[in-house]
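Q: Give me coordinates for this.
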Amino acid sequence: MSTERRYAELHAHSAFTFLDGTDEPAQMVKEAARLGLDALAILDVDGMYSTVQTTMAAREVGLPIVYGAELTATPDALTRIVPGSSVPGWGLAPGAEDPGMRLPILAASPGGYAQLVGAMSERALCSPGERNPRHDLVDLSEAGG
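A: Just a heads-up that it's a prediction; the model follows:
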């Protein structure tokens, strides 16, 4: 029986997610490889902005990458929120901008990656000009198969 501990970081943010991450994807990949991680997932918020840099760096060091994103979702499917109202436990003052809730999504296959990118593209096209287009949880669950 092996006592070796294995670990994969599946929810990291790079500098592409402003105010959440500080390091460039290539730095993160190299450090993950140096630490002996089994895999790395860099989840940008509402996009796949670091994917190219992450993939290129991972190829150089032979580190498996799990692709995904952290999507801004509307909690409407879970709660009944009146826009602009205070919701106990949600931490919003009356009139505050609701940041939505962020849901990490990992693609388990190339097909899952295609579904994730498709869902993000569809939401962005349906919400022109919105800074953080909100995903509906029901729509996301249906898109996931």
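
Q: Against which helices or strands is the helix or strand bottoming out on mean pLDDT in the chain packed?
A: Using mean pLDDT, DSSP states H and E, helix 137-143 stands out as the lowest-scoring helix or strand of the chain, at a mean of 76. Helix 137-143 sits against strand 68-74, strand 101-106, helix 110-126, with contacts defined as 3 or more C-beta pairs under 8 Å, 6 or more residues apart in numbering; DSSP states H and E. In short, each C-beta sits where N, CA and C put it, glycine included.

Q: So what touches the first one?
A: Outside of strand 68-74, the residues that reach it under the criterion C-beta atoms under 8 Å, 6 or more residues apart in numbering are 10-11, 13, 17, 41, 43-48, 99-107, 116, 119-120, 132-137, 140.

Q: what residue ranges in this structure score low on pLDDT?
A: 1-2, 75-99, 144-145 (pLDDT under 70).

Q: returning to that earlier point: show me which residues of the least confident helix or strand of the chain are buried.
A: Neighbour-count burial for helix 137-143, counted by 16 or more other C-beta atoms under 10 Å, picks out Leu137, Leu140, Ala143.

Q: Mean neighbour count, the helices and strands packed on helix 137-143: which tops it?
A: strand 68-74 (a mean of 22; mean count of other C-beta atoms under 10 Å).

Q: Okay, now the sheet partners of that one, with direction.
A: Looking at strand 68-74 with DSSP bridges, its partner strands are strand 44-45 (parallel), strand 101-106 (antiparallel), strand 135-136 (parallel).
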